[in-house]
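1. fold the stuff below for me.
(one chain, ligands or ions: 1)
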Amino acid sequence: MSLKIYMNGELVPKEEAKVSVYDHGLLYGDGVFEGIRAYSGKVFRLAEHVERLYQSARAIMLDIPIPAAQMAADIEKTVKANGFTDCYIRVVVTRGAGALGLDIRKTSHPQVIIIADMIQLYPPELYEKGLDIVSVSTIRNHPNALNPRIKSLNYLNNILAKIEGQLAGCVEALMVNHKGEVAECTGDNIFIVRKKDVLTPPLDAGILEGVTRNAVMEVARKAGYAMSERSMTRHDVYTADEVFLTGTAAEVIPVVKVDNRLIGTGKPGPIFMDIKTRFEKITRE
Ligand code: PXG
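-> Numbering: from 1, shown residues only. Here you go, the predicted structure:
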């Protein structure tokens with residue numbers, strides 16, 4: 001049976017879910033999105049995702065044609081209409097169709113799309129063994145050019161970094177910012193562990209404020225670890241006891257090699273394992 005896609009208030013079969021070739025989302029990457037997960041029939045951190053979507057939209061002066069509460073209800077409706085209990089939800093809001101040219105005043109009808117489907121970011125065995133990642137030369141977007149806090153449809157910065165990582169034989173790439181500080185991976189935030197300290201780069205490193213990042217920081221604090229946001233360089237990553245990534249699509253995944261250097265013992269570490277167990281518990285609450 002074909003998936004039902006939400007488009008502007010209606011559920012339509014996947015084959016009929018289409019946008020105009022004049023849509024500025026397609027022409028210019030002009031729009032915003034969210035990636036959300038549902039676990040056991042409940043959408044995880046729905047309010048946080050919806051809030052970030054509306055903030056991203058506000059930052060690019062895009063008026064989402066429905067209120068946030070309606071968006072949240074429609075996300076849940078789309079999951080249910082497809083019979084999913086566990087799935088990945090992709091919400092997209094484009095600027096809408098317009099004239100050729102960048103003028104947003106010549107566009108109308110932002111397209112609101114909600115897809116509920118499955119996603120497999122990394123092969124399952126890597127969740128047990130840990131990832132081997134490389135740092136790449138493509139820096140994260142300068143916040144004064146396109147702020148990484150905006151989850152925009154313009155993801156070429158991340159795609160270029162991901163290509164570099166893949167050319168180096170890795171499934172994920174670590175990006176630094178314009179100051180050479182560690183920022184994030186192409187679709188996940190990064191955490192390091194040093195003794196009992198759990199550290200992650202601050203928002204002003206030029207990163208997306210990940211919903212999973214926030215949830216994991218909460219979990220780490222509740223578990224009694226010293227959790228802090230701290231600027232870091234590759235040196236800190238190379239010399240960490242443990243490294244792991246967080247993201248809605250990735251969930252939590254250990255990293256055991258960075259730039260061909262073994263991290264800690266080269267095996268997923270005990271603090272990662274503890275945080276992973278606790279994170280999985282809150283996704284099912
Ligand atoms: N950083 C970046 C650059 C991201 O795109 C995260 C961190 C993690 O944030 P959350 O809120 O998910 O914990 C992301 C997440 C997709 C897709 O196709 C989206 C992301 C990553 C990979 C795929 O929907 N965004």
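2. close to the ligand: what parts of the stretch 1-150 of the chain are there?
-> Residues of the stretch 1-150 of the chain lying near the ligand by CB under 6 Å from any ligand atom: 35, 90. Quick note: C-beta positions are derived from backbone N, CA and C, even for glycine.
3. in the stretch 1-150 of the chain, what residue is nearest the ligand?
-> Nearest to the ligand, among the residues of the stretch 1-150 of the chain, is Gly35, at 3.3 Å (CB to the nearest ligand atom).
4. would that residue count as being in a helix?
-> No: counting by DSSP: H, G, I helix; E, B strand; the rest coil, Gly35 is not part of a helix but strand.
5. identify the residue spatially nearest to it, adjacent ones excluded.
-> Thr248 (4.7 Å; CB to CB, 6 or more residues apart in numbering).
6. pop the domain breakdown of this protein in here.
-> 4-117, 124-283 (automatic domain parsing).
7. how about these in JSON lines, adding mean pLDDT and mean neighbour count?
-> Below are the domains of the chain laid out as JSON lines (pLDDT from 0 to 100; neighbours: other CB atoms under 10 Å):
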{"stretch": "domain 4-117", "mean pLDDT": "98", "mean neighbour count": "17"}
{"stretch": "domain 124-283", "mean pLDDT": "98", "mean neighbour count": "19"}
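8. before we move on, the earlier item: contacting residues around the residue of the stretch 1-150 of the chain closest to the ligand?
-> 88-90, 119, 247-249 (CB atoms under 8 Å, 6 or more residues apart in numbering).
9. let's see which of those residues end up in strands.
-> In this view, the contacts of Gly35 that belong to strands under DSSP state E are 88-90, 247.
10. of those, closest to Asn154?
-> Arg90 (15.8 Å; CB to CB).
11. which non-adjacent residue is nearest the closest one?
-> Ile115 (4.4 Å).
12. and the next helix or strand past the helix or strand that contains that neighbour?
-> Under the criterion of DSSP states H and E, Ile115 resides in strand 112-117. Later in the chain than strand 112-117, the nearest helix or strand by DSSP H and E is helix 125-129.
13. with only the CA atoms kept, save stretch 133-150 in PDB.
-> Presented in PDB, the C-alpha positions along stretch 133-150 are these (Å, rounded to 0.1, in the frame of the first residue of the first chain):
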ATOM      1  CA  ILE A 133      35.000   9.300  11.000                       C
ATOM      2  CA  VAL A 134      37.300  11.900   9.400                       C
ATOM      3  CA  SER A 135      37.500  15.600   9.800                       C
ATOM      4  CA  VAL A 136      37.100  17.300   6.400                       C
ATOM      5  CA  SER A 137      38.300  20.500   4.800                       C
ATOM      6  CA  THR A 138      34.800  21.800   4.100                       C
ATOM      7  CA  ILE A 139      34.100  24.100   7.100                       C
ATOM      8  CA  ARG A 140      30.700  24.500   8.600                       C
ATOM      9  CA  ASN A 141      28.800  27.400   7.200                       C
ATOM     10  CA  HIS A 142      29.900  30.700   8.700                       C
ATOM     11  CA  PRO A 143      27.100  31.800  11.100                       C
ATOM     12  CA  ASN A 144      27.100  35.200   9.500                       C
ATOM     13  CA  ALA A 145      26.600  33.700   6.000                       C
ATOM     14  CA  LEU A 146      23.900  31.100   6.800                       C
ATOM     15  CA  ASN A 147      23.500  30.300  10.400                       C
ATOM     16  CA  PRO A 148      23.700  26.600  11.100                       C
ATOM     17  CA  ARG A 149      20.900  27.000  13.700                       C
ATOM     18  CA  ILE A 150      18.500  27.400  10.800                       C
END
